[in-house]
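Participant: Quick one, what's the 3D model for this:
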Amino acid sequence: MEGFVDLRSGDEGGSGDSFWPSFTDIMMVVVMIFMIASTVLILRNWDLVRELRETMDAERAAQEVARFASEVNATLEEQLANAQHEVSLMRMRLMRSQEESRAQAEALADREQRLLALQDRLGQAELDLAASRTRGSELESELQETTRTLAELRSVWQTQERELQEVRGQVVQLETARREQTEEIARLRRVGSEAERLLASLQGDYDSLKVKYDKLVRPARTAQGKHVVEVRYEKRDGDTRIALREPGQAAYRGVTRGELDTRLAALAEGYPDLLYVKIVIPENSGLSYNEAWRFTSDVLEKYDYYHRQ
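Facilitator: Numbers count the residues shown, from 1 in each chain. Alright, predicted model coming up:
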């Protein structure tokens, strides 16, 4: 066949080894190339799988960190709400104690003023008694000096003696009354001290029993997962002021009591089991204990999810 080189090995095409590789050698080279390429591809796929797993692990770790941070944030908010509520209650208790102390001080001052008045009357009676005695001495001197007016002077002296006896009786009565007033003041002071100790003991027992009762009967009041609305109540220059702040609002807004009731009623209807009303009594609020307690009890019992009947 002219024009083509005979690649077959043998003696027919010439003598010696052929210059071109055989077909078997060619196939062996192809197989080796395929195996090398497959090995490289498998190694690259293994690296990609390892990187994908590391990325998924990092993503799961980030999600866990985000979830833990969210739980910690919710717990801190709940603790802050409970702390503010406890501070308001402590302020109301302090106001009640101060009012009771002022009332007892005023009662004691009134008792002391009455005692001073009785002492003044006793001093005046003693002065009258001294004057009467002086007058009696003068009458006795006049009796010795003249006998002509003996009967008249004796009558006058007897009259003065009767007055003296009456004054002495009044002095004794005043002294008795003073002692009774002194004993009554001491007794009232003892009763006041015992009443204060008993009140403090009863208040502590009541608070302890209420906490135990709430723990036994129902879960504790919490702001977690609730629709928290803050209500600030204070008195300035004799006028009560109410401010309301709802979730998402940066500052309080002033409202009247009617507007407050209308808004809280709407929120209680929209969030029947989720409305958490936080009453804020600021320091130096100008309110008495009874005013602060009545307002707090009325608002919580009407609208708060925990205190509503």
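
Participant: hey, let's count contacts and neighbours off CA atoms from now on
Facilitator: OK.

Participant: those helices in the stretch 101-250 of the chain, which residues are they?
Facilitator: Taking DSSP state H, counting those that start in this stretch, the helices of the stretch 101-250 of the chain run over residues 150-217.

Participant: so what pLDDT did Gly14 get?
Facilitator: Listed pLDDT for Gly14 reads 46.

Participant: actually Lys235, sorry about that
Facilitator: Lys235 is assigned 93 on the pLDDT scale.

Participant: so it sits right up against Glu283, yeah?
Facilitator: No: in this structure, Lys235 is not within contact of Glu283 by Cα atoms under 8 Å, at 11.0 Å.

Participant: can you give me the strands in this protein?
Facilitator: Listed in chain order, the strands of the chain (DSSP state E) span 227-236, 239-245, 253-255, 275-280.

Participant: Could you say which of these is packed most deeply?
Facilitator: strand 275-280 (a mean of 23; mean count of other Cα atoms under 10 Å).

Participant: average pLDDT across that one?
Facilitator: The average pLDDT within strand 275-280 is 95.

Participant: same thing with stretch 177-193?
Facilitator: For stretch 177-193, the per-residue pLDDT averages 83.

Participant: buried stuff in it?
Facilitator: Judged by neighbour count using 16 or more other Cα atoms under 10 Å, the buried positions of stretch 177-193 are 178, 181, 185, 188.

Participant: mind checking how far that stretch is from the chain centre?
Facilitator: Its chain's average C-alpha position is 38 Å from that of stretch 177-193, according to Cα atoms, centre = their mean, to the nearest Å.

Participant: what's the answer for stretch 84-104, then?
Facilitator: With Cα atoms, centre = their mean, you get 11 Å for stretch 84-104.

Participant: try stretch 287-300
Facilitator: Distance of stretch 287-300 from its chain centroid, counting by Cα atoms, centre = their mean, is 13 Å.

Participant: Go ahead and name everything in contact with it.
Facilitator: The contact list for stretch 287-300 (Cα atoms under 8 Å, 6 or more residues apart in numbering) reads 92-96, 99, 233-235, 277, 279, 281, 306-308.

Participant: State the distance from Val49 to Leu43.
Facilitator: Taking Cα to Cα, to the nearest Å as the measure, Val49 falls 10 Å from Leu43.

Participant: I meant to write Val172 there.
Facilitator: Separation of Val172 from Leu43 (Cα to Cα) stands at 121 Å.

Participant: for Gln170, same thing?
Facilitator: For Gln170, the distance to Leu43 equals 123 Å [Cα to Cα].

Participant: So if I had to pick from the two, which one is more boxed in?
Facilitator: Counted by other Cα atoms under 10 Å, Gln170 and Leu43 do not tie: Gln170 has more neighbours, with 16 against 11.

Participant: what mean pLDDT does stretch 105-112 have?
Facilitator: 84.

Participant: Can I get that stretch as PDB, trimmed to CA atoms?
Facilitator: The C-alpha trace of stretch 105-112 is given here as PDB (Å, rounded to 0.1, in the frame of the first residue of the first chain):
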ATOM      1  CA  ALA A 105     -45.200  62.300 116.700                       C
ATOM      2  CA  GLU A 106     -48.200  64.700 116.400                       C
ATOM      3  CA  ALA A 107     -50.200  62.700 119.000                       C
ATOM      4  CA  LEU A 108     -47.300  62.800 121.400                       C
ATOM      5  CA  ALA A 109     -46.700  66.500 120.900                       C
ATOM      6  CA  ASP A 110     -50.400  67.100 121.600                       C
ATOM      7  CA  ARG A 111     -50.100  65.100 124.800                       C
ATOM      8  CA  GLU A 112     -47.100  67.000 125.900                       C
END
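
Participant: where does this structure dip in pLDDT?
Facilitator: 1-21, 196-197, 199-201, 203-208, 210-218, 309 (pLDDT under 70).
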